[in-house]
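Student: give the three-dimensional model of this entry:
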Amino acid sequence: MQIREATNDDVAAVMSLITKVVPLMRASGNLQWDANYPNPTVFERDIALNQLWLAEIDGALAGVAAITTTQDPEYAEVWDTSEQAIVVHRLAVDPEFQGKGVAAELMQQAERLAHERLITTIRVDTNTNNMATQKLFPKLGFVLCGEISLAFREGLRFLCYEKRLK
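Tutor: Below is the predicted model:
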């Protein structure tokens, strides 16, 4: 598996992956994403900010994650947002590659970036109906810190996880 930073040439492949993932998420009751979010503009902004990472297996796009330092104001309900942190957003794995450690490897990339930048905290949130990530994050050493709502995803609740690095 190769992890690399995305370029604008990758947006179509990323959107193809998203169109495979969203129906499965929604069928399982996870309404976090829909036909409007995430969209090409969101991923293009991630790329412009050098924060979109891809996982590839044998040259095929297997997963994507935005690895940022952006903390929405709502996070202050559960985290000290004045503390710098690596924050993972828009984590998705192509259904063909689920169960192959793709999400875990993208989370490891977040940890590598944190070490490089001398940041000791990694944060991630997930919809309360996303059972896969609720199982994954504790296995990777993340601790549940609380539950919030996000203004741009009205009506949904999100669980916030954090991992402290040594």
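Student: all strands for the protein, in order.
Tutor: 2-5, 52-57, 60-68, 86-93, 121-127, 143-148, 158-164 (DSSP state E).
Student: model confidence for A151, exactly?
Tutor: For A151, the pLDDT comes out at 68.
Student: would you tell me which helix is longest in this structure?
Tutor: If you go by DSSP state H, the chain has its longest helix at helix 11-27.
Student: what does that helix rub up against?
Tutor: By CB atoms under 8 Å, 6 or more residues apart in numbering, the list of residues contacting helix 11-27 from outside reads 6, 31-35, 38-40, 43-44, 47, 52, 54, 61, 63-64, 92-95, 130. In this view, the C-beta of every residue, glycine as well, is placed from N, C-alpha and C.
Student: let's see that with 7 Å instead.
Tutor: Residues lying outside helix 11-27 but in contact with it, judged by CB atoms under 7 Å, 6 or more residues apart in numbering, are 6, 32-34, 38, 40, 43-44, 61, 64, 92, 94-95.
Student: equivalent analysis for stretch 87-107, please.
Tutor: Applying CB under 7 Å, 6+ apart, the contact partners of stretch 87-107 are 1, 3, 17-18, 20-21, 24, 38, 53, 55, 57, 61-71, 110, 123-124, 136, 140.
Student: kindly recompute the last result at 6 Å.
Tutor: Outside stretch 87-107, the residues within contact range by CB atoms under 6 Å, 6 or more residues apart in numbering are 1, 17, 20-21, 38, 55, 62-68, 70-71, 110, 123-124, 136, 140.
Student: gap between the two ends of that stretch?
Tutor: The straight-line separation of the ends of stretch 87-107 (CA to CA, to the nearest Å) is 10 Å.
Student: what average pLDDT does that stretch get?
Tutor: Rounded mean pLDDT across stretch 87-107 is 96.
Student: same check, this time on stretch 5-16
Tutor: Mean per-residue pLDDT for stretch 5-16: 98.
Student: give me the buried positions along it.
Tutor: Using 16 or more other CB atoms under 10 Å as the test for burial, stretch 5-16 gives 6, 10-11, 13-14.
Student: just stretch 42-52 next, same as before
Tutor: 42-43, 46-47, 51-52.
Student: all set, thanks.
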